[in-house]
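Undergrad: Return atomic coordinates for the entry below.
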Amino acid sequence: MAEGIVARGLRRVRKLLGEDARRGGLNETQAARIRAQLQECAAGLGGEVSTRLRAARLADSYLRLDDAGRAAFLRIVATEFGPDPQAVDAAHRAYQSAISTAGQWDAESALRAALRSSRLRILTQFNALPQGVKFLVDLRADLLRFIEHDPALRSLDRELESRLSAWFDVGFLELQRITWNSPAALLEKLIEYEAVHAIGSWSDLKNRLDSDRRCYAFFHPRMPMEPLIFVEVALTDHLADSVQALLDEHAPVFDARRATTAIFYSISNTQSGLRGVSFGNFLLKRVIDDLKRDYPRLATFATLSPLPSLRRWAEKHPEEWGHAFPAGELERIARYCAQAETPVRSADDVRLLLAGEGWQTDARLARALQPGLMRLAARYLLSAKAGERPYDPVARFHLGNGARVERLNPLADTAPRGLQQSYGLMVNYLYDPDAIETNVEAFSREGTVACTAAIRRAARD
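TA: Numbers count the residues shown, from 1 in each chain. Have a look, this model is predicted:
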């Protein structure tokens, strides 16, 4: 009954708004209608059916706008439905006067109520819709795109991020294993959302879900077919050093019963509207527990991770090339580049060589470049900072979750993207269950990067 009333209400709204709401920004008539809808939602009058109808009408109005219209819509919400400054001021003065009196706690409650904005009442009403939570996640994705050009939206973003953080608390999330027998619509989402190593075909996806692989995802009960974050795992007997080998569809299937090592080779966040809402660390911990239960022989849990910002950092810090490529190695590299159009005489010439194409196909040249690239990457991981945190976003994630930098792997990703981002280098981060908490504590308190002696030595050389 309630669904039918909502549906009929939506049809009336579409007719009222007309075709002009389908395209373009907000004209005066549209702006007035949207303000009226927002005020109705903020007032919160009526019962459940009224709440759902109001939220559905407002969501429909928003979805039928283009980017300019949506930005204007969000600006109205942000600037016209915040706390009343005069009410906040009066409540604050009353609270100050009531401190240490019997009325202090009532005054505190009144101040808290004055600070509560109408924006929050408006946003909460979307929960009444079947797709309301997903609508809010997508709305925040729009908001994040618009903020750069309109700082007035920041207050709305902070409020919405706070709401989403509460709604997507890890205690509400469900860990599910995704298999080849999962619904086709869900498998299509994996192909769409894979952010690290693109899934090129259905056979590629099937290979990643074979018997020697695992794929796990977190889901929210209100978004049952939308993975929030997922991790792809390879079960093997060694520390992987090549993503192309892991993704090879023609490689023989490993007997998972013999597995001693789990390699996390791809972790993808899928919802840009949940930026700032962190649950990736909980995902890995839950997955490790699940794998240990199913495969008791597993003793090593590690990643094969990209270094997505290595080249960007190296290009910004030309002085690092001289540390990474001393004179003796430059002479050796130069011998293999004698026929090159630009001969190698300096570390900067090496930088130009690596920025070009084809060097990785010359086995002798690639081996000659390897020691310098390892030094460059080790210094990057141990000393490159963005403020107080590691410059590399993947390193920030894994080090913050208690992993250590275990090994650097040259030419581990020879795909164009891997060569462009990190000269083909990848890194193994190792999760040692006995050291995770110690590593987290040292990293969070002192910024200490846990790593092997070989990595630390390479960074000093």
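
Undergrad: Tell me how many other residues crowd L283.
TA: As a burial measure, the neighbour count of L283 was computed by other CB atoms under 10 Å and equals 22. The way it works is simple: take the backbone N, C-alpha and C, and place the C-beta from them, glycine included.

Undergrad: where's it relative to F264, distance?
TA: 10 Å (CB to CB, to the nearest Å).

Undergrad: got any residues that touch both of those two?
TA: Counting by CB atoms under 8 Å, 6 or more residues apart in numbering, the contacts common to L283 and F264 are V231.

Undergrad: Give the next helix or strand downstream of the helix or strand containing S266.
TA: Secondary structure from DSSP states H and E places S266 in strand 261-269. Proceeding N to C from strand 261-269, the next assigned helix or strand is helix 280-294, under DSSP H and E.

Undergrad: mind listing what the strand holding S266 pairs with, with the direction of each?
TA: Note on strand 261-269: by DSSP bridges, its sheet partners are strand 229-236 (antiparallel), strand 300-303 (parallel).

Undergrad: okay, those in TSV with mean pLDDT, mean neighbour count and distance to L408 next?
TA: Conversion of these to TSV gives the following (pLDDT from 0 to 100; neighbours: other CB atoms under 10 Å; distance: least, CB to CB, whole Å):
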stretch	mean pLDDT	mean neighbour count	distance to L408
strand 229-236	97	23	19
strand 300-303	98	22	13
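
Undergrad: what's the closest of those strands to A256?
TA: strand 229-236 (4.6 Å; CB to CB).

Undergrad: quick one: contacts of the closest one?
TA: Judged by CB under 8 Å, 6+ apart, the contacts made with strand 229-236 from elsewhere in the structure are 178, 190, 193, 208, 212-218, 240, 246, 254, 256, 259-270, 279-280, 283-284, 287, 291, 295, 298.

Undergrad: With stretch 326-333 instead?
TA: Residues outside stretch 326-333 that contact it (CB under 8 Å, 6+ apart): 325, 344-347, 350, 353, 365, 368-369, 371-372.

Undergrad: Got the domain ranges for the chain?
TA: Residue ranges for each domain of the chain read 2-82+117-167, 171-303, 310-460, as given by automatic domain parsing.

Undergrad: Could you export these to CSV, including columns for distance to Y95?
TA: CSV is the format used below for the domains of the chain (distance: least, CB to CB, whole Å):
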stretch, distance to Y95
domain 2-82+117-167, 18
domain 171-303, 30
domain 310-460, 35
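
Undergrad: Lowest mean pLDDT across those, which one is that?
TA: Looking over the domains of the chain, mean pLDDT reaches its minimum on domain 2-82+117-167, with a mean of 81.

Undergrad: now it, how far from the chain's geometric center?
TA: Centroid displacement of domain 2-82+117-167 relative to its chain, using CA atoms, centre = their mean, to the nearest Å, is 25 Å.

Undergrad: in stretch 416-435, what's buried?
TA: Of the residues in stretch 416-435, those buried under the neighbour-count criterion (16 or more other CB atoms under 10 Å) are 418-419, 421-432.

Undergrad: Next: stretch 360-375.
TA: Of the residues in stretch 360-375, those scored as buried under the neighbour-count criterion (16+ other CB under 10 Å) are 360, 365-366, 368-369, 371-375.

Undergrad: send the alpha carbons of that stretch over as PDB?
TA: Provided in PDB are the C-alpha atoms of stretch 360-375 (Å, rounded to 0.1, in the frame of the first residue of the first chain):
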ATOM      1  CA  GLN A 360      62.500  -3.400 -20.100                       C
ATOM      2  CA  THR A 361      62.700  -5.700 -23.200                       C
ATOM      3  CA  ASP A 362      66.500  -5.600 -23.200                       C
ATOM      4  CA  ALA A 363      67.400  -8.200 -20.500                       C
ATOM      5  CA  ARG A 364      71.000  -7.000 -19.900                       C
ATOM      6  CA  LEU A 365      70.000  -3.400 -19.700                       C
ATOM      7  CA  ALA A 366      67.100  -4.200 -17.400                       C
ATOM      8  CA  ARG A 367      69.500  -6.100 -15.100                       C
ATOM      9  CA  ALA A 368      72.000  -3.200 -15.100                       C
ATOM     10  CA  LEU A 369      69.200  -0.800 -14.100                       C
ATOM     11  CA  GLN A 370      67.800  -3.000 -11.400                       C
ATOM     12  CA  PRO A 371      70.100  -2.100  -8.400                       C
ATOM     13  CA  GLY A 372      69.500   1.600  -8.900                       C
ATOM     14  CA  LEU A 373      65.800   1.200  -9.200                       C
ATOM     15  CA  MET A 374      65.700  -0.900  -6.000                       C
ATOM     16  CA  ARG A 375      67.600   1.900  -4.100                       C
END
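
Undergrad: contact partners of that stretch?
TA: By CB under 8 Å, 6+ apart, the list of residues contacting stretch 360-375 from outside reads 323-325, 329, 332-333, 336-337, 350, 354, 359, 408, 410-411, 414, 419, 423-425, 458-459, 461.

Undergrad: how about the strands paired with strand 261-269 in CSV, adding distance to Q96?
TA: Written out in CSV, the entries for the strands paired with strand 261-269 read as follows (distance: least, CB to CB, whole Å):
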stretch, distance to Q96
strand 229-236, 45
strand 300-303, 53
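
Undergrad: which stretch among those comes nearest E159?
TA: Using CB to CB, those put strand 229-236 closest to E159, at 23.3 Å.

Undergrad: could you check the angle helix 280-294 makes with the closest one?
TA: Computed with axes from the mean of the first three to the mean of the last three CA atoms, to 10 degrees, the direction of strand 229-236 lies at 40 degrees from that of helix 280-294.

Undergrad: heads up, I number from 394, so please use that
TA: New numbering, starting at 394: the last item is strand 622-629.
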